[in-house]
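Peer 1: Provide a 3D model corresponding to the input given below.
(2 chains)
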Number of protein chains: 2
Amino acid sequence: MEVKVLRLDHRRQRDARITTHVCLTARALGSSGVFLSGDHDKKLIENVNDVVKRWGGEFRVEYHKKWENLLHEWKNSGGEIIHLTMYGEPVQTVTPKIQESLQDKLVVVGGSRVPSKVYQEADWNVSVTTQPHSEVSSLALFLHMLYDGKELELEFEEGDMKIIPSQKGKNVEMSNKRSDNES
Amino acid sequence: MEVKVLRLDHRRQRDARITTHVCLTARALGSSGVFLSGDHDKKLIENVNDVVKRWGGEFRVEYHKKWENLLHEWKNSGGEIIHLTMYGEPVQTVTPKIQESLQDKLVVVGGSRVPSKVYQEADWNVSVTTQPHSEVSSLALFLHMLYDGKELELEFEEGDMKIIPSQKGKNVEMSNKRSDNES
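Peer 2: Predicted coordinates:
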């Protein structure tokens, strides 16, 4: 099952950091890529690609201007659409139902104002609490529940560095990829 | 058990939205307040207070310039300190140990560069994956695991409005607090 994220209505000035956090959260918690809609923010895409290069794994951010088309293509190829919105059904109730299917999942996060079309096209409108908080935390909790916590054990291959867990400090192992190649 | 969050090294220009999302995530997922360190950002505090007023519950953001003192005070009154850092011990391993104590918890989130003092003072340095993502998602996942998912069932009293979960739309119930008082 592949899980991708669609970030609607990205605004370069206002959303750069939040959208970056959406991308990094998607990556760290097992999604294979983000479709960015709204402003075409090349700098953001470069920044995220740079993290992928340094930290490993496969993850892509692609710009996709016409999100309506993307929703249709996703459904036409058998995928399901999950829209994270505070107005939806409780994540703790619907995630077990969502888990019943192994179809690819597109997780949609807004946007200040999400068009009603998104609510209609979504197979599931899912709320992570009915309180306002953050698309970053909603995405994190949804992915965590979708993967039953297994995303916390993911390994990312081919990065330049790797953190070794530590009680009181920083323990970073640098990859010897380069010196291997050079030797 | 009371859970509060300390946001280190807030920078008004750069961090306003991320820190706001940290505060709203803390609130929505059961923490009772945030201590803000770094820039004294009155606008941010007002914005969060405004959300509390409209959406209910009790939650406070307080500015606390001298975070070192706060760490000492917290420990001196019997509380424990949990520092969320990608360099720490895996959240899935240590959260069951953290749950063994019912002492108040102060959850510390950085800051671009967190002083080593924080690593030393913390009872637990906890990593939510060893990959870079977001203080917002780390906080969300840690609170979710600390509360065993019960935070998703929280009710917030005395708000001006309340969302009723819905499959395909927006269902918002406005409180009649005011008209009750006026009648």
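Peer 1: Counting neighbours, what do you get for A:S138?
Peer 2: A count of nearby residues for A:S138, using other CB atoms under 10 Å in any protein chain shown, gives 28. Every C-beta, even on glycine, is put in place using the N, C-alpha and C of the backbone.
Peer 1: Would you agree it is in contact with A:V107?
Peer 2: No - A:S138 lies out of contact with A:V107 (CB atoms under 8 Å); the separation is 9.3 Å.
Peer 1: okay, and the common contacts of the two?
Peer 2: A:L84 (CB atoms under 8 Å, 6 or more residues apart in numbering or on different chains).
Peer 1: Which pLDDT value belongs to the most centrally placed residue in chain A?
Peer 2: By CA atoms, centre = their mean, chain A has its centre lying nearest to A:A26, at 2.5 Å. Note for A:A26: predicted pLDDT of 98.
Peer 1: repeat for A:R113
Peer 2: Note on A:R113: pLDDT of 86.
Peer 1: leaving aside the residues next to it on the chain, what's closest to it?
Peer 2: Distances taken as CB to CB, 6 or more residues apart in numbering or on different chains put A:D9 closest to A:R113, at 7.6 Å, once the chain neighbours are dropped.
Peer 1: Look up phi and psi at the one you found.
Peer 2: Here is the backbone geometry of A:D9 (degrees, to the nearest 10): phi 50, psi 40.
Peer 1: and A:L102, how many neighbours?
Peer 2: A:L102: 8 surrounding residues under other CB under 10 Å.
Peer 1: Same check on A:L152?
Peer 2: A:L152 has 21 nearby residues by other CB under 10 Å.
Peer 1: That one belongs to a helix?
Peer 2: Yes - the assignment for A:L152 by DSSP: H, G, I helix; E, B strand; the rest coil puts it in a helix.
Peer 1: Look up how far A:R27 lies from it.
Peer 2: Using CB to CB, to the nearest Å, A:L152 is found at 14 Å from A:R27.
Peer 1: is stretch A:125-134 anywhere near chain B?
Peer 2: Yes - contact between stretch A:125-134 and chain B, assessed by CB under 8 Å from any CB of the partner chain, occurs at A:N125, A:S127, A:V128, A:T129, A:T130, A:Q131, A:P132, A:H133, A:S134.
Peer 1: hang on, the last one packs against B:A26?
Peer 2: No - using CB under 8 Å, A:S134 is not in contact with B:A26; the gap is 10.3 Å.
Peer 1: List the buried residues for stretch A:53-67?
Peer 2: If you call a residue buried by 16 or more other CB atoms under 10 Å in any protein chain shown, then stretch A:53-67 has these buried ones: A:W55, A:G56, A:G57, A:F59, A:V61, A:Y63, A:H64, A:W67.
Peer 1: will you turn those residues into a markdown table that also has pLDDT and secondary structure?
Peer 2: A markdown table is the format used below for the buried residues of stretch A:53-67 (pLDDT from 0 to 100; DSSP: H, G, I helix; E, B strand; the rest coil):
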| residue | pLDDT | secondary structure |
| --- | --- | --- |
| A:W55 | 97 | helix |
| A:G56 | 97 | coil |
| A:G57 | 96 | coil |
| A:F59 | 98 | coil |
| A:V61 | 98 | strand |
| A:Y63 | 97 | strand |
| A:H64 | 95 | coil |
| A:W67 | 96 | helix |
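Peer 1: Now narrow those residues to whatever sits close to chain B.
Peer 2: Among these, chain B is touched by A:W55 when using CB under 8 Å from any CB.
Peer 1: Just give me the longest strand of chain A.
Peer 2: Ranked by residue count and defined by DSSP state E, the top strand of chain A is strand A:80-90.
Peer 1: filter the residues of stretch A:125-134 next to chain B to the buried ones?
Peer 2: Here, 16+ other CB under 10 Å leaves A:N125, A:S127, A:V128, A:T129, A:T130, A:Q131, A:H133, A:S134 buried among these.
Peer 1: hang on, the earlier thing: so what's the residue nearest to A:R113 up against?
Peer 2: A:D9 neighbours (CB under 8 Å, 6+ apart): A:S37, A:G38, A:G110, A:G111, A:S112, A:R113, A:V114.
Peer 1: Among these, name the ones in strands.
Peer 2: A:S37, A:G38.
Peer 1: tell me which of the contacts of A:D9 is nearest to A:H144?
Peer 2: Proximity of the contacts of A:D9 to A:H144 (CB to CB) peaks at A:G110, which lies at 19.8 Å.
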